[in-house]
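Colleague: no FASTA, just this:
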């Protein structure tokens, strides 16, 4: 029976003059190729074939050999990993309270987090300048309290720690949002049954909530990791000469030193790392059903 | 639900607000406070003045605001059109049944991935790539406002594509099929049924794109011509030369403008949602 | 309105990579012009797939679908000239009732001057004229259903496809709508209706003929009376009217169940074979009589006006629906039940399922 079905289907042709589906995909793909894929390809090309002519991997060995690149790569990676871990821990704790220890105004807090997401990242650094800057609030409070003269003890803003604090502050909401969505799916009856069976809150969190939240945590975490690797505004506003990340290096090589081949090499490295991680994020979030 | 004793609950809330307020609320409060401050050299700002705002809303700063608004408007319209088109095309390619092959579904997924790619590429690199590509023939756009709008559109299209795709997935196919059974051609169904039903999601996507474009700094820093300076660049310039209070006032203007547009968009959305 | 029937010409539908999952298997069925045909079957029986093949939303792997004389197998849905009403109504939420009803007319470019009149006619016919300016969200489920029907009728289709149209309504509304649908069909005698349902009451009430489907195949087709009184298969007998199906061995003018001899019309079933005896529960009486069977009561259910007794007769469960008993038998009690010879139907096939 099945074989007869198949042969009949094979003989069939489509007489109606419908435009095939792929034709509709052509205009957006052409547009994207022209303004995005072609420029990216040019960046890759420039990294091995500078305008001066000739093909060489010289720019790569130059850049890889330079101290500033290796330092930037190291800084970028540890800042991104550190910020991601911080965001995951903080975001999980805060989302847990909003979802499972509800308080009046909890909805407003969730709304505030949504609004927070729509502001640019550099605002955080700007605010931190007023709070922890040399003449900022924290140092002012310190000198007022101790009566000490001179600068206060908070001088970390121009160090990588300042960038880390800003990144954790800015990106934590990106973890909280998917987490809150995942928590709203958990049946509260499950928690009540678990605690009626004598499980203490920490055990409930570990045994019931954490497994449910794991996909959202993984998806949110990998998104934040990619965004931290690519973050530019926070680092630029810090104004610290000794904190250089890969995007910062691309900017300074291209705009301040006009060394385009080197900028392109750093850009290619940066693309490779973040596109690779982003691919991972897509796989993880698809598995999580997000 | 999780913490049952009264004491335990209060302790949890205390910890929550001790973390939440300084980390998330304080920065915004501080920026607003600084925007009114005459000086700030102790624990608290002093000498309140509205002067920074009058500086922030005239001359070049006002022009920067207009520039940002126009850029964001242009970029989000382009992104919305391109993202929606791509999302619709990808959905049609991925559709099961009716003679679609595995190849066609693969094409649909590839289209989705291509349009999501700009999220993964660092914005600075997008700026660099656009700069490299459009500084030489055949398309010289370097030094024009077009190049800024174009870069913003590239960066935000992915978000438009993602949210419209998700909305199309949620759309009940029964509407489309009911329309087709009533004799409506696919184009008529798209225009009279699908797009109106997607309208709430489309406006939400537009709001998101607008907000992202308003705050875009990385690619803009690589591309902006002197006569097309968006607000974030202006904020950076002010902060960099030490005029932090003016920077704060400009930041408040930026936030207010963004929120205002988001609010207007959400009003349209409430009007447009039927269920 | 051109009257046109529907014809399935060995239509098969299959899903899966190699078409290994057949959901409709070689359906041959003709709906005459003006006829109401119910497709009755449990979920997964292929009845909705058959309807969607007529509408054009599934593509047959083989076979042809005709509407009137037209082979519509290759036509896209919007060129088939059908009206369709689905379970969730699918009213366009962004349009008022009148715009919903006018949708098909505008989509088919009916002359602008003609539209308001036809919209009013369709709303009048379904009793929804007073609600023309409302949005669907402002209507109850039953009202939404009427608008959905008005919308399908406004384009004056030759065939009307109804896919479980009443299953989202509560029981009381359902019987009202059933009467309403019967009235609509009397007013529009030329429209052929294909009515998909899993509810035998809807099918028995409304249909001129019923096609019983199970496991992707057509099991039986006939008028409600034929199917109810003289089912041709065990599946039909159990699905339509929930009959007792008893395995019996056939003798001359009688059959035997276990040791008991039962007088029934053996018809053309040959003596000496095993067959299935089909008796409706409400035709089984309590107490001695012709064709009596003795067994023990295994369960008693009180259903208000009736009692349903399950009697275990030599390992076979016999259902009997009797008028409410003042003193129902207790569990394990020995009782005798009986049925009239003319109330039993002998099916030559063995009990396969149900």
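Modeller: That came in fine, so what should we check first? Computed from a predicted model, the values in this text were never measured in an experiment.
Colleague: From now on I want contacts and neighbour counts done on CA atoms only, so please keep to that.
Modeller: Fine.
Colleague: what about residue A:246, neighbour count?
Modeller: 30 (other CA atoms under 10 Å in any protein chain shown).
Colleague: In space, what's closest to residue B:224 - neighbours in sequence excluded?
Modeller: Nearest residue to residue B:224, sequence neighbours excluded (CA to CA, 6 or more residues apart in numbering or on different chains): residue B:148, at 6.2 Å.
Colleague: hang on, the one you found in a helix?
Modeller: Yes: counting by DSSP: H, G, I helix; E, B strand; the rest coil, residue B:148 falls inside a helix.
Colleague: Mean confidence (pLDDT) on stretch A:182-196, please.
Modeller: What stretch A:182-196 shows for mean pLDDT is 81.
Colleague: who touches it?
Modeller: By CA atoms under 8 Å, 6 or more residues apart in numbering or on different chains, the list of residues contacting stretch A:182-196 from outside reads A:96, A:99, A:201, A:204, A:208-209, A:212-213, A:216, B:1-2.
Colleague: So for chain A, which residue is the most central one in space?
Modeller: residue A:227 (2.2 Å; CA atoms, centre = their mean).
Colleague: The residue lying closest to residue A:236 once chain neighbours are set aside in helix, strand or coil?
Modeller: Leaving aside its chain neighbours, residue A:236 sits nearest to residue A:248 (7.2 Å; criterion: CA to CA, 6+ apart). Recorded secondary structure, residue A:248: helix (three-state DSSP).
Colleague: surely residue A:248 meets residue A:232?
Modeller: Yes: using CA atoms under 8 Å, residue A:248 is in contact with residue A:232, at 6.2 Å.
Colleague: So between these two, which is more surrounded?
Modeller: residue A:232 (25 against 22).
Colleague: quick one, phi psi at residue C:212?
Modeller: The phi/psi pair for residue C:212 (degrees, to the nearest 10) reads phi -90, psi 130.
Colleague: contacting residues for the residue nearest to residue A:236?
Modeller: Counting by CA under 8 Å, 6+ apart, the residues that residue A:248 touches are A:232, A:235-236.
Colleague: do stretch C:107-123 and chain B meet?
Modeller: Yes: Stretch C:107-123 reaches chain B (CA under 8 Å from any CA of the partner chain) through C:107-108.
Colleague: which residues are in contact with that stretch?
Modeller: Under CA under 8 Å, 6+ apart, the answer for stretch C:107-123 is B:182-185, B:188, C:98, C:101-102, C:105-106, C:129, C:132, C:147, C:150-151, C:153-154.
Colleague: The helix or strand containing residue A:192: what's the following helix or strand?
Modeller: Taking DSSP states H and E as the criterion, residue A:192 maps to helix A:188-196. Per DSSP H and E, the first helix or strand lying C-terminal to helix A:188-196 is helix A:201-204.
Colleague: Could you tell me which other helices and strands that next one packs against?
Modeller: Applying 3 or more CA pairs under 8 Å, 6 or more residues apart in numbering or on different chains; DSSP states H and E, one finds that helix A:201-204 contacts helix A:188-196.
Colleague: how many neighbours does residue 177 have?
Modeller: If you meant another chain, say so; for now it's chain A. 19.
Colleague: Not quite, go with chain B.
Modeller: The burial count for residue B:177: 21, using other CA under 10 Å.
Colleague: How about it, nearest residue that isn't a chain neighbour?
Modeller: Nearest one to residue B:177, counting by CA to CA, 6+ apart, is residue C:57 at 7.6 Å.
Colleague: Do you know the pLDDT at the one you found?
Modeller: Looking at residue C:57, the pLDDT reads 90.
Colleague: Also residue A:129?
Modeller: Model confidence at residue A:129 (pLDDT) stands at 86.
Colleague: SS state for it?
Modeller: Classification of residue A:129 using three-state DSSP returns helix.
Colleague: Assess the claim that it and residue A:136 are in contact.
Modeller: Yes: Residue A:129 lies in contact with residue A:136 (CA under 8 Å); the separation is 6.7 Å.
Colleague: And the residue of chain B found nearest chain C, how close does it get to chain A?
Modeller: Among all residues of chain B, residue B:183 sits closest to chain C, at 3.9 Å; criterion: CA to the nearest CA. Plainly put, residue B:183 is 16 Å away from chain A if you go by CA to the nearest CA, to the nearest Å.
Colleague: list the contacts for the nearest residue to residue B:95 once chain neighbours are set aside?
Modeller: Among residues not flanking residue B:95 along the chain, residue B:105 sits closest, at 7.2 Å (CA to CA, 6+ apart). By CA under 8 Å, 6+ apart, the contact list for residue B:105 reads B:93-95.
Colleague: List only buried entries from those residues.
Modeller: B:93-94 (16 or more other CA atoms under 10 Å in any protein chain shown).
Colleague: And the contacts of residue B:105, which is closest to chain A?
Modeller: Closest approach between those and chain A, by CA to the nearest CA: residue B:93, at 5.8 Å.
Colleague: So is the helix or strand that contains the closest one next to chain C?
Modeller: Element membership of residue B:93 [criterion: DSSP H and E] is helix B:59-94. No: using CA under 8 Å from any CA, helix B:59-94 stays clear of chain C, with a minimum separation of 14.4 Å.
Colleague: can you tell if that helix touches chain A?
Modeller: Yes: against chain A, helix B:59-94 shows contacts by CA under 8 Å from any CA at B:82, B:85-86, B:89-90, B:92-93.
Colleague: elements contacting that helix?
Modeller: Taking 3+ CA pairs under 8 Å, 6+ apart as the contact cut, helix B:59-94 packs with helix A:21-32, helix B:102-120, helix B:145-170, helix B:195-214, helix B:231-240.
Colleague: Number of residues surrounding the residue of the stretch 51-200 of chain C found nearest chain B?
Modeller: The nearest approach of the stretch 51-200 of chain C to chain B comes at residue C:78, 3.9 Å away (CA to the nearest CA). Look at residue C:78: counted by other CA under 10 Å, it has 22 neighbours.
Colleague: Isn't it up against residue B:177?
Modeller: No: taking CA under 8 Å as the definition, residue C:78 is not a contact partner of residue B:177, at 9.1 Å.
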